[in-house]
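Novice: Just the structure for this:
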Amino acid sequence: MKLGCPIMLWAMQTLDVDWLIPDWPAPPNVQAVCTTRSGGISRGNYADLNLGLHVGDEQTDVLVNRTRLQKASGGRVVFMNQVHGTHVAELGTESVDGLEADAAWTRQPGLVCAAMVADCLPVLFCHPSGLQVAAAHAGWRGLLGANGQGILEATVAQLEAAGPLPASSRSEWMAWLGPCIGPRAFEVGDEVRAAFVAESLDAGRCFVPTVNGKWLADLPGLARQRLAAMGIERTFGNNGSEAWCTVSNPSRFFSHRRDRVSGRLAACIWLADRGA
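Specialist: The predicted structure is shown next:
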């Protein structure tokens with residue numbers, strides 16, 4: 001992972017953590033990070049940096065963990081109540097934790113969009129103009145959505161509607177895919193494959209049959225297909241390899257499917273003050 005952000009690099013060294021920093025050509029004022037298990041005080045299945053208040057961990061520990069992330073980012077992290085839907089929220093000065101949405105975007109410096117995951121796919125968005133950013137939580141339900149409109153399509157639609165941006169094509173947007181359950185670990189039923197294939201025949205390439213009549217699904221592959229269908233081909237990060245799989249890397253990533261009782265990671269993106 002690229003350690004290209006001086007503020008975050010300093011924070012990571014101070015906390016002694018192995019968080020991921022996206023390696024993508026984002027403008028200088030766009031900062032992003034994806035946490036791992038390291039850097040917190042939670043215990044047991046939640047060790048160390050669990051950021052989810054809804055998973056049974058001690059609330060006081062989670063709040064300490066969230067404070068550490070906030071200090072590292074230098075901004076105010078806003079956590080959503082994610083429901084595997086397609087609602088996208090705009091973050092402003094009045095935004096508080098717990099807003100019900102599966103994606104958040106902002107054009108205000110210092111507000112951190114955060115998508116929590118423990119097998120689902122986090123997707124971060126930015127534009128070369130550095131005017132606005134977004135973070136989306138994409139499990140298979142949110143990714144699929146309805147009638148071809150899932151959480152990624154909804155996020156891009158909100159970003160485009162917000163404006164103003166320099167005259168440009170959609171192809172200038174960038175997306176970074178974070179860690180998620182990998183294509184060798186994500187077993188789903190035939191109904192899941194059928195739902196994706198009904199939207200796009202190309203989706204069939206992201207499913208491999210198993211001996212028990214189910215399918216192994218490539219979640220980041222499906223996301224890249226959906227992004228490409230929207231004209232966004234500048235995609236970075238998770239390529240479906242084992243290193244990105246939350247299930248296969250228990251010392252680094254939380255995984256609900258692996259552990260059932262699990263903490264949550266957070267993929268975060270925000271705008272730094274250009275005058276800072």
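
Novice: low-scoring stretches of the stretch 151-276 of the chain, by residue?
Specialist: Scanning the stretch 151-276 of the chain for pLDDT under 70 picks out the ranges 166-168, 275-276.

Novice: Centre of the chain to the edge, which residue is at the far end?
Specialist: Val211 (31.2 Å; Cα atoms, centre = their mean).

Novice: ok, the closest residue to Pro22 other than its chain neighbours - how many residues close by?
Specialist: Using Cβ to Cβ, 6 or more residues apart in numbering and skipping the chain neighbours, the partner closest in space to Pro22 is Trp176 (4.3 Å). Placement of C-beta: from N, CA and C, glycine included. Neighbourhood size, Trp176 [other Cβ atoms under 10 Å]: 25.

Novice: repeat for Trp24
Specialist: Trp24, neighbours per other Cβ under 10 Å, totals 18.

Novice: Ok, Pro250 next?
Specialist: Residues near Pro250, counting by other Cβ under 10 Å, number 13.

Novice: correct me, but it touches Gly263?
Specialist: No - counting by Cβ atoms under 8 Å, Pro250 does not reach Gly263; the two are 11.7 Å apart.

Novice: Pull up the distance across stretch 96-104, start to finish.
Specialist: End-to-end distance for stretch 96-104: 12 Å, by Cα to Cα, to the nearest Å.

Novice: which of the residues in that stretch are buried?
Specialist: By 16 or more other Cβ atoms under 10 Å, the buried positions in stretch 96-104 come out as 101-104.

Novice: cool, and stretch 227-234?
Specialist: Buried residues in stretch 227-234 (16+ other Cβ under 10 Å): 227, 230, 232.

Novice: mind listing which of those are in strands?
Specialist: Nothing among those maps onto strands, per DSSP state E.

Novice: ok so Trp105 is a strand residue?
Specialist: Yes - under DSSP: H, G, I helix; E, B strand; the rest coil, Trp105 sits within a strand.

Novice: before we move on, the earlier item: can you tell me who the residue nearest to Pro22 pairs with across the strands?
Specialist: Leu124, Phe236 (DSSP bridges).

Novice: Export only the CA atoms of stretch 72-92, formatted as CSV.
Specialist: Coordinates of each C-alpha in stretch 72-92 appear next as CSV, following Å, rounded to 0.1, in the frame of the first residue of the first chain:
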residue,chain,number,x,y,z
ALA,A,72,-5.4,10.1,13.2
SER,A,73,-7.6,11.6,10.4
GLY,A,74,-7.5,15.1,11.8
GLY,A,75,-11.2,15.4,10.9
ARG,A,76,-14.6,14.4,12.3
VAL,A,77,-15.5,10.8,11.3
VAL,A,78,-19.3,10.3,10.8
PHE,A,79,-20.4,6.7,11.1
MET,A,80,-23.6,5.5,9.4
ASN,A,81,-26.2,3.0,10.5
GLN,A,82,-25.8,0.7,7.5
VAL,A,83,-28.8,-1.4,6.4
HIS,A,84,-27.7,-3.0,3.1
GLY,A,85,-29.8,-0.5,1.2
THR,A,86,-29.1,2.1,-1.4
HIS,A,87,-29.7,5.4,0.4
VAL,A,88,-26.9,8.0,0.1
ALA,A,89,-26.5,10.8,2.7
GLU,A,90,-24.7,14.1,2.3
LEU,A,91,-22.5,15.0,5.2
GLY,A,92,-22.6,18.6,6.5
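
Novice: most centrally placed residue in the chain?
Specialist: The centroid of the chain falls nearest to Pro122 when counting by Cα atoms, centre = their mean (1.8 Å).

Novice: Run through the stretch 1-150 of the chain and note the low-pLDDT ranges.
Specialist: Residue ranges of the stretch 1-150 of the chain with pLDDT under 70: 1-14.

Novice: Helices along that one, start to end?
Specialist: Taking DSSP state H, counting those that start in this stretch, the helices of the stretch 1-150 of the chain run over residues 6-15, 59-73, 140-144.
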